[in-house]
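Peer 1: I need the structure of the sequence given here:
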Amino acid sequence: MIEGMINERGKVNAVVIADRGRGKSAAVGLAAALIGHRLRRRRGVARIVVTAESPDNVETLMEFARRGLESLDYDVEVSESGGRVTGLSARGIYIDYYRPYPLLSLQRPIDIVLVDEAAMMPLPVLYGIHGRFNRVVYSTTIHGYEGAGRGFSVRFLKYLKSRRGVKVLEYEMEEPIRYARGDPIERWLFNAFLLDAEPAHVDENDVKLVSEGKVKYVVPNIEELFLKDEETLRQFFGIYVQAHYRNEPDDLGMMMDAPHHTVRALTLENGKVVVSIELAEEGGLDEETVNNMVLGFKPPGNIIPDRMVKYWKMPEFAKLRGWRIVRIATHPELQDRGLGSVALRMLEDEARARRLDWVGVGFGVNPQLLRFWVKNGYLPIHISPERNPVSGEYSVLMVKPISEMARKGCELC
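Peer 2: Below is the predicted model of the structure:
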């Protein structure tokens, strides 16, 4: 990797993949020190940027970059912010931390960008880094707390390999450092938290069932799903693992145990899960709580009612009951076939049957997602005033009114 980063011509991307406990961040930190040393000797200066969701994520990388430079007889000056290392400098070698979105607008010349825990980042940010810089190292945990999301390997790595004129260097670290190979506790962690869950295998017959509309809306029994039907649960959660850039054990716990969270699914006639939905029930608040909201109180787990009261001055909306869609994802091999819209229509039918007033959603907005939700009848009620510092996206809340009272409220937004 080091030789490729220094000597290869044109655009070079290196990808370092490992499960937890393999020493990936430490290895990349040591590599940064050696690359910086060799570039400085060749050019007189080396400018390396490290990026990740937060400085906490690069603590190990920076520590080993410092150790590497010191082993090469450099006196290292350390810059800190909030108790975290944000920069290293040593006789013409500069290794600095930047958040992902500000990095994209950085104007000064950069020799190499190191992206740590890349699976945690939104794909548009990864595409932007690839387009902006010629030398990039992407290191990531595919299965683990930092990035149990395979959007990186399923889509982004495939994208890199398809680009003309781009040299892609791939490395996978398999040998554990923190524990022995095949450690039973590691296996237990993977099984307990579904870190390696996969969607159902899809064949031609499944595609035919989708094209014929032979799907079923499922209201799972939570206890049955989580305690007795491991295969369906793995299919359900596996869709999230592949569709979203990040999943955490807390997400699984919320679906399983939080009293106001529940799940729905769209399956084929043969039982294979093709759409996964997580819901949070919001609203239905009493008069005293609503009055306190007017005075600034923010009731936990009531994101959409809170915005309607604070920004639109509609305290009566907080008394209405609704579902906020926390996450909805379609099987990666069956996307763009209308399954998401079908699942939404069936979900809305259930909401009507339960006499709910609205169905809503919140997400980091981009043109494709916005078109999808507007097409399905959802109305924007709030957009964040500032961009997310990681993704660069604005967050938007949208609502589809079910009852007449909710419709009248949304018309005023």
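
Peer 1: wait, what's in contact with I112?
Peer 2: Shown in contact with I112 (CB atoms under 8 Å, 6 or more residues apart in numbering): M5, A32, I35, L39, I48, V49, F133, R135, V136, V137. Quick note: C-beta positions are derived from backbone N, CA and C, even for glycine.

Peer 1: ok, now with 10 Å
Peer 2: The contact partners of I112, taken as CB atoms under 10 Å, 6 or more residues apart in numbering, are 5-6, 12, 14, 31-32, 35-36, 39, 46-50, 95, 133-137.

Peer 1: again with V136
Peer 2: Contact partners of V136, counting by CB under 10 Å, 6+ apart, are 5, 11-15, 49, 51, 110, 112-115, 118, 126, 129-130, 160, 166.

Peer 1: Now the buried members of those.
Peer 2: Neighbour counting by 16 or more other CB atoms under 10 Å classes 5, 11-15, 49, 51, 110, 112-115, 118, 126, 129-130, 160, 166 among these as buried.

Peer 1: so where is the chain shaky, pLDDT-wise?
Peer 2: Segments of the chain classed as low confidence (criterion: pLDDT under 70) are 142-151, 154, 244-246, 390.

Peer 1: Longest helix of it, counting residues only.
Peer 2: For the chain, the helix with the greatest residue count under DSSP state H is helix 24-43.

Peer 1: Relative to V326, how far out is the closest residue to E281 other than its chain neighbours?
Peer 2: Once flanking residues are discounted, E281 sits nearest to H260: 4.8 Å by CB to CB, 6 or more residues apart in numbering. According to CB to CB, to the nearest Å, H260 stands 10 Å off from V326.

Peer 1: Those two: which is more packed in?
Peer 2: V326 (18 against 13; other CB atoms under 10 Å).

Peer 1: shouldn't the more buried one be in contact with R264?
Peer 2: No: contact criterion CB atoms under 10 Å: V326 and R264 do not qualify, at 11.2 Å.

Peer 1: Give the intersection of the neighbour lists for H260 and V326.
Peer 2: Common contacts of H260 and V326, defined by CB under 10 Å, 6+ apart, comprise M254, L279, A280.

Peer 1: For the residue of the chain most remote from its centre, give me its contacts.
Peer 2: Here the chain reaches farthest from its C-alpha mean at D73, the gap being 39.6 Å by CA atoms, centre = their mean. Residues near D73 by CB under 10 Å, 6+ apart: H37, A90, R91.

Peer 1: Hmm, the first one is touching A90, no?
Peer 2: Spelled out, that is H37. Yes: H37 lies in contact with A90 (CB under 10 Å); the separation is 8.8 Å.

Peer 1: Now for the two: what residues contact both?
Peer 2: A46, L69, L72, D73, Y74.

Peer 1: Out of those residues, flag the one nearest to V85.
Peer 2: Lowest distance from V85 to the shared contacts of H37 and A90 (CB to CB) belongs to L69, with 12.5 Å.

Peer 1: on that earlier part again, show only the entries of the shared contacts of H37 and A90 found in strands.
Peer 2: A46 (DSSP state E).

Peer 1: Please pick the buried ones from the shared contacts of H37 and A90.
Peer 2: A46, L69, L72, Y74.

Peer 1: out of everything not next to it in sequence, what's closest to E63?
Peer 2: Nearest to E63 is G29, by CB to CB, 6+ apart, at 6.7 Å.

Peer 1: Pull the number of nearby residues for the one you found.
Peer 2: Neighbours of G29 under the rule other CB under 10 Å: 28.

Peer 1: pretty sure G21 contacts T60?
Peer 2: No: with contact defined as CB under 10 Å, G21 does not reach T60; the gap is 11.7 Å.

Peer 1: partner residues bridging V137?
Peer 2: Bridge pairing for V137 (DSSP bridges) gives the partners A14, L114.

Peer 1: what sits against it?
Peer 2: Contacts of V137 by CB under 10 Å, 6+ apart are 1-2, 4-5, 12-16, 28, 31-32, 35, 48, 50, 112-116, 118, 169, 171.

Peer 1: rewinding a little: pull out the buried positions in the longest helix of the chain.
Peer 2: 24-40.

Peer 1: what kind of secondary structure is R178 in?
Peer 2: coil (DSSP: H, G, I helix; E, B strand; the rest coil).

Peer 1: For it, which non-adjacent residue is spatially closest?
Peer 2: That would be G21: by CB to CB, 6+ apart, it lies 3.7 Å from R178.

Peer 1: With V275 instead?
Peer 2: Per CB to CB, 6+ apart, closest to V275 is L266, 3.6 Å.

Peer 1: quick one: the one you found is in a strand?
Peer 2: Yes: using three-state DSSP, the secondary structure at L266 is a strand.

Peer 1: so what's it up against?
Peer 2: Applying CB under 10 Å, 6+ apart to L266 gives the contacts 210, 215-218, 273-277, 328, 330-331, 334, 339-340, 342-344, 346-347.

Peer 1: what's around the residue nearest to R178, how many residues?
Peer 2: G21 - counted by other CB under 10 Å - has 16 other residues nearby.

Peer 1: how near is it to E404?
Peer 2: Between G21 and E404 the distance is 56 Å, computed by CB to CB.

Peer 1: and the helix or strand where M293 lies, what does it pack onto?
Peer 2: For M293, the host element (DSSP states H and E) is helix 287-294. Judged by 3 or more CB pairs under 10 Å, 6 or more residues apart in numbering; DSSP states H and E, helix 287-294 is in contact with helix 303-310.
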